[in-house]
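Novice: Fold the following.
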Amino acid sequence: MKGQKILFVVLVFLCNSLFSQNNNDSLNIKKIEFLHSFYSEYFIAASRDLPDFSKIDSLQSHYCTTELYNKLLYLYDAEEIDADPFLESQDPQKEWVESLLINVDDQDNSLFIITYKVNEQKTNQIQLRVIEVAKNNFKISSIVSIEN
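Specialist: Purely as a prediction, here's the structure:
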């Protein structure tokens, strides 16, 4: 009888761990889809001969937390940003989106690693934090390269 109770507790623990892992995987998939949507639109707006700054601003406002958006505005005004922090580039090309890869950091599931090929020799990498602000509603909360 005691052995059955121990076995039951172990099974409940394992099932709970599996359920929790499946929930994290599902949440991460939704966050990756969110980031893919952002980058698909962002590459197009940023890569025009004359970048669509109103669209870029709108995308940043929509996809970022208010705190990050305000920080970006401050950094742009203070001219402390040399390249677009979401792309780590000054002259983006919309074709780069074709090589876009988004992965969850192995150690921190709120941190996402975005990579894309600039050319055959160069790959850019950006690290972003994504939080869930409401059920299935996500925002980019920080860009590692500008965290201070």
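Novice: Compute the distance between residue 86 and residue 26, please.
Specialist: For residue 86, the distance to residue 26 (Cβ to Cβ, to the nearest Å) stands at 25 Å. The C-beta positions use only the backbone N, C-alpha and C, and glycine is treated the same way.
Novice: Which of the two has more residues huddled nearby?
Specialist: Between residue 86 and residue 26, counting by other Cβ atoms under 10 Å, residue 86 is the more crowded of the two (24 against 10).
Novice: Quick one: classify the more buried one as helix, strand or coil.
Specialist: Put simply, residue 86 is coil when judged by DSSP: H, G, I helix; E, B strand; the rest coil.
Novice: Extract the C-alpha trace of the lengthiest strand in the chain and format it as CSV.
Specialist: In the chain, assigned by DSSP state E, the strand with the most residues is strand 123-134. The C-alpha coordinates for strand 123-134 follow below in CSV (Å, rounded to 0.1, in the frame of the first residue of the first chain):
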residue,chain,number,x,y,z
THR,A,123,24.9,36.6,-40.0
ASN,A,124,23.3,39.1,-37.6
GLN,A,125,22.1,38.0,-34.2
ILE,A,126,19.7,39.9,-31.9
GLN,A,127,18.5,38.9,-28.5
LEU,A,128,15.1,40.0,-27.4
ARG,A,129,13.0,39.4,-24.3
VAL,A,130,9.3,38.7,-24.9
ILE,A,131,6.7,38.8,-22.1
GLU,A,132,3.1,37.8,-22.0
VAL,A,133,1.1,40.9,-21.0
ALA,A,134,-2.2,39.1,-21.1
